[in-house]
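Trainee: fold the following.
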Amino acid sequence: PAETAFAMTTTAAAAAGGRFSVNKCPSEYLEYVCDLSDGDRQLAKVELGEDDQVRTQGLQHMRDWIGRHPHIRKCRTDPVFLLRFLRARKFNLPQACEMLERYLSMRQVFRIWFENLDPEDKYMKQCVATEGALPLGVDKRGRMVGLIRVRNFDAAKFTCHHLGRFTHMALESFYDDQRVQIGGGVAIIDCQGATMAHFTLFKLSDIRNFMECLKHALPVRVQEVHVIGLPRIGAAIGDLILNFASAEMKRRIFFHSTLEDAMKQLDQSLLPVEYGGVQDARDIVERLRKRLEDGRDTLIQLDELEIDGEPYAAFWNQGQDEDVEFGMEID
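Mentor: The predicted structure follows:
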């Protein structure tokens, strides 16, 4: 069942394997084609207040707004891209537009995380191969569930910039998936076996900046975050995350001392065999690799999006990392 659920979620990514126009005022807009199941339509109505009329009006509003925007220079206007933001903000039009603004400016401010999301990049291929990030599939409530195994990432090989870029590459590969847009996501972060080296990869500014991106700019509806086996050495990181999280997000973060404790709140059928489930981690990784390969052109094309970042500099008033510049090899 888990594999079937996952297969259904890959449709949008496979269909979006080509290139999209980044002309903010195209002569003709792509039409929305609804291939949602009756169940997904109903979930969208209940969760987001979405119906055909609301969706059509929302897309038209955002396209008109983008076309008139004095600072946006290049932006996708295809339906599935704009629906990322409309659904993330439950069709609150001012909030959806604001999120798109911040998404575009975020990509330029934090270039080291968001540029060159190329699955063929040496480090991105190595990150996939670790089996440390596993998109497990859709649970019974329609939510995409992802498992992060911190210990699988070699802290001597990867920097926070590699891991940040890999995280956003993986997330971007699901943002255009309509089932994920509607149902949101659940993150399981397994910290069992993580070492001091893993936690010292991230500076205070990295954590703060990521949480600011999550709150204001990333078009993802985080339903739950389950942190398992956070060691004492990582407690400070956990406290910082909670400190930077919004009040709503804090209510959705759960800390579990053991895997057994976490199982009380998770859909075990989706989990890998070593967690008591039925899936093979190698099969999950292969599906992820195929998804990234199919969507590679779309991922790389994101670098063509452009906004005048100066008006947003004050909003992203973050500490600059002077030690690393984007584009250099980090070994």
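Trainee: hmm, who's touching stretch 294-314?
Mentor: 10, 13-14, 16-20, 22, 70-76, 101-102, 104-105, 107-109, 114-120, 169, 172-173, 176, 292 (C-beta atoms under 8 Å, 6 or more residues apart in numbering). C-betas here are computed from N, CA, C, even on glycine.
Trainee: try it again with 7 Å
Mentor: 13-14, 16-20, 22, 71-76, 104-105, 107-109, 115-120, 169, 172-173 (C-beta atoms under 7 Å, 6 or more residues apart in numbering).
Trainee: could you identify the buried members of these?
Mentor: 13, 16, 20, 22, 72, 75-76, 104-105, 107-109, 115-119, 169, 172-173 (16 or more other C-beta atoms under 10 Å).
Trainee: among those, which are located in strands?
Mentor: Of these, the ones assigned to strands by DSSP state E are residue 72.
Trainee: which of the buried ones among the contacts of stretch 294-314 fall in helices?
Mentor: 13, 104-105, 107-109, 169, 172-173 (DSSP state H).
Trainee: got CSV for those, with pLDDT and distance to residue 238 too?
Mentor: Output for those, formatted as CSV (pLDDT from 0 to 100; distance: C-beta to C-beta, whole Å):
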residue, pLDDT, distance to residue 238
13, 38, 32
104, 97, 31
105, 95, 29
107, 94, 27
108, 92, 30
109, 91, 26
169, 97, 25
172, 96, 26
173, 96, 27
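Trainee: out of those, which two sit at the greatest distance?
Mentor: Greatest spatial distance among these (C-beta to C-beta): 13 and 109, at 26.3 Å.
Trainee: what's the helix or strand that contains residue 261 in contact with?
Mentor: Per DSSP states H and E, residue 261 falls inside helix 259-263. For helix 259-263, the surrounding residues in contact (C-beta under 7 Å, 6+ apart) are 226, 228, 256, 275-276.
Trainee: what's the closest of those residues to residue 151?
Mentor: residue 228 (11.3 Å).
Trainee: who are the contact partners of the closest one?
Mentor: Contacts of residue 228 (C-beta under 7 Å, 6+ apart): 188-192, 256, 259, 262.
Trainee: those, buried ones only, as a PyMOL selection?
Mentor: Listed next is the PyMOL selection for buried residues among the contacts of residue 228, using 16+ other C-beta under 10 Å:
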select buried, resi 188+189+190+191+256+259+262
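Trainee: helices - which of the contacts of residue 228 land there?
Mentor: 259, 262.
Trainee: now do the strands in the stretch 1-150 of the chain.
Mentor: 72-74, 133-138, 144-149 (DSSP state E, counting those that start in this stretch).
Trainee: for these, which one sits closest to residue 287?
Mentor: Closest among these, using C-beta to C-beta: strand 133-138, at 7.5 Å.
Trainee: quick one: distance of the closest one to the chain centre.
Mentor: 12 Å (C-alpha atoms, centre = their mean, to the nearest Å).
Trainee: what helices or strands is it leaning on?
Mentor: In terms of contacts (3 or more C-beta pairs under 7 Å, 6 or more residues apart in numbering; DSSP states H and E), strand 133-138 is packed against helix 2-9, strand 144-149, helix 281-294.
Trainee: let's see 10 Å
Mentor: Here strand 133-138 touches helix 2-9, strand 144-149, helix 160-175, helix 178-183, strand 185-190, helix 281-294, going by 3 or more C-beta pairs under 10 Å, 6 or more residues apart in numbering; DSSP states H and E.
Trainee: that strand pairs with which strands?
Mentor: With DSSP bridges as the test, strand 133-138 is paired with strand 144-149 (antiparallel).
Trainee: and the partner strand, which residues are buried?
Mentor: For strand 144-149, the neighbour count (16+ other C-beta under 10 Å) marks 144-149 as buried.
Trainee: please produce a markdown table containing the residues you listed, extended by distance to residue 239 and pLDDT.
Mentor: A markdown table is the format used below for these (distance: C-beta to C-beta, whole Å; pLDDT from 0 to 100):
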| residue | distance to residue 239 | pLDDT |
| --- | --- | --- |
| 144 | 27 | 95 |
| 145 | 25 | 96 |
| 146 | 23 | 97 |
| 147 | 23 | 97 |
| 148 | 19 | 97 |
| 149 | 22 | 97 |
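Trainee: out of these, who's nearest residue 204?
Mentor: Once C-beta to C-beta is applied, the member of the buried residues of strand 144-149 that ends up nearest residue 204 is residue 148, at 20.7 Å.
Trainee: give the contact list for the nearest residue to that closest one once chain neighbours are set aside.
Mentor: Spatial nearest neighbour of residue 148, excluding adjacent residues (C-beta to C-beta, 6 or more residues apart in numbering): residue 189 at 4.7 Å. By C-beta atoms under 10 Å, 6 or more residues apart in numbering, the contact list for residue 189 reads 146-150, 225-230, 253, 255.
Trainee: can you do 7 Å?
Mentor: By C-beta under 7 Å, 6+ apart, the neighbours of residue 189 are 148, 150, 225-228.
Trainee: which of the contacts of helix 259-263 fall in strands?
Mentor: 226, 228, 256.
Trainee: residue ranges with poor pLDDT in the stretch 201-331 of the chain?
Mentor: 317-331 (pLDDT under 70).
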